[in-house]
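have a look; sequence and predicted model below, questions after that.
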Amino acid sequence: MKHLGILSRLQLQLAPLKKGGRPHRWYDPSPLLAVDRLLLTPRGAIAQVDGRSLMDVHHADHPDTRIDPDEQNTLTMGFTSHYRAMRDRFGEHMADGMAGESLIVDCPVPVRLHEVARGILIRGKNGSEIHLHEVSIARPCVEFSRWALGVESNGTEPALLKETLRFLDEGMRGFRMGLADQTPVWVEIGDEVLSAT
């Protein structure tokens with residue numbers, strides 16, 4: 001096992017972050033809600049907020065779900081080192097979590113797919129262990145790429161957009177994964193994150 005860091009931000013997407021209809025869609029991170037704890041389930045993430053149970057928009061049971069019914073990789077993870085690189089390139093609006101990942105890990109160095117491809121372990125402060133598997137790259141979308149560039153319309157120069165998509169790919173924009181077993185588990189800020197590699 002290799003220590004990657006600790007959970008520094010947990011959040012829900014309360015609604016889709018891509019707004020409007022094609023070809024005039026845009027990216028809006030305002031539906032993101034930071035929370036102290038997340039319940040990870042095989043069908044997606046849930047949080048308790050003011051006595052209410054709220055589902056992430058990537059939860060299979062969310063009324064406006066963003067995933068296919070049989071999708072297993074309902075969770076996403078990003079890294080603070082990636083956000084530092086994005087801020088260096090695009091500006092301060094690229095705050096941790098703006099790509100919409102459920103789990104943000106405070107990690108000093110970039111993480112690549114080959115380092116997490118065999119799975120990720122979250123070790124709770126109480127000794128619990130959560131196994132995440134089927135790790136894959138969360139591909140960047142055109143709308144997020146334009147938002148990163150500070151361009152909200154479809155008037156982005158094609159070469160610049162292509163280069164931005166390339167930069168945000170290969171895990172820079174985060175990774176998708178699923179819960180390895182069927183038992184829902186709580187995670188919270190400060191839990192340790194390790195790679196199975």
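Okay, I see it.

quick one: the helices in the protein?
80-90, 113-116, 142-149, 158-168 (DSSP state H).

output stretch 173-192 as PDB, nothing but the C-alphas.
C-alpha atoms of stretch 173-192 as PDB (Å, rounded to 0.1, in the frame of the first residue of the first chain):
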ATOM      1  CA  ARG A 173      -9.500  16.300 -13.900                       C
ATOM      2  CA  GLY A 174      -9.800  13.300 -11.600                       C
ATOM      3  CA  PHE A 175     -10.700   9.600 -11.500                       C
ATOM      4  CA  ARG A 176     -13.900   7.600 -11.500                       C
ATOM      5  CA  MET A 177     -14.400   4.500  -9.300                       C
ATOM      6  CA  GLY A 178     -16.900   2.300  -7.500                       C
ATOM      7  CA  LEU A 179     -17.300   0.800  -4.000                       C
ATOM      8  CA  ALA A 180     -15.800  -2.700  -4.000                       C
ATOM      9  CA  ASP A 181     -18.400  -4.300  -1.700                       C
ATOM     10  CA  GLN A 182     -22.100  -3.800  -1.200                       C
ATOM     11  CA  THR A 183     -22.000  -2.300   2.300                       C
ATOM     12  CA  PRO A 184     -22.400   1.500   2.500                       C
ATOM     13  CA  VAL A 185     -19.600   3.200   4.500                       C
ATOM     14  CA  TRP A 186     -19.200   6.700   5.900                       C
ATOM     15  CA  VAL A 187     -16.000   8.700   5.100                       C
ATOM     16  CA  GLU A 188     -15.000  12.000   6.600                       C
ATOM     17  CA  ILE A 189     -12.500  14.800   6.400                       C
ATOM     18  CA  GLY A 190      -9.100  13.500   7.600                       C
ATOM     19  CA  ASP A 191      -9.400   9.900   6.600                       C
ATOM     20  CA  GLU A 192      -6.300   8.400   5.100                       C
END
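
may I see the buried residues of that stretch?
Residues of stretch 173-192 classed as buried by neighbour count (16 or more other C-beta atoms under 10 Å): 173-180, 185-187, 189, 191-192. The C-beta positions use only the backbone N, C-alpha and C, and glycine is treated the same way.

do stretch 80-91 as well
80-83, 85-86, 90.

can I get the helices of the chain in JSON lines including mean pLDDT and distance to K125?
As requested, those are exported to JSON lines (pLDDT from 0 to 100; distance: least, C-beta to C-beta, whole Å):
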{"stretch": "helix 80-90", "mean pLDDT": "98", "distance to K125": "19"}
{"stretch": "helix 113-116", "mean pLDDT": "96", "distance to K125": "22"}
{"stretch": "helix 142-149", "mean pLDDT": "94", "distance to K125": "32"}
{"stretch": "helix 158-168", "mean pLDDT": "94", "distance to K125": "32"}
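
now those helices in JSON lines, with distance to P31?
Below are these laid out as JSON lines (distance: least, C-beta to C-beta, whole Å):
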{"stretch": "helix 80-90", "distance to P31": "19"}
{"stretch": "helix 113-116", "distance to P31": "27"}
{"stretch": "helix 142-149", "distance to P31": "14"}
{"stretch": "helix 158-168", "distance to P31": "20"}
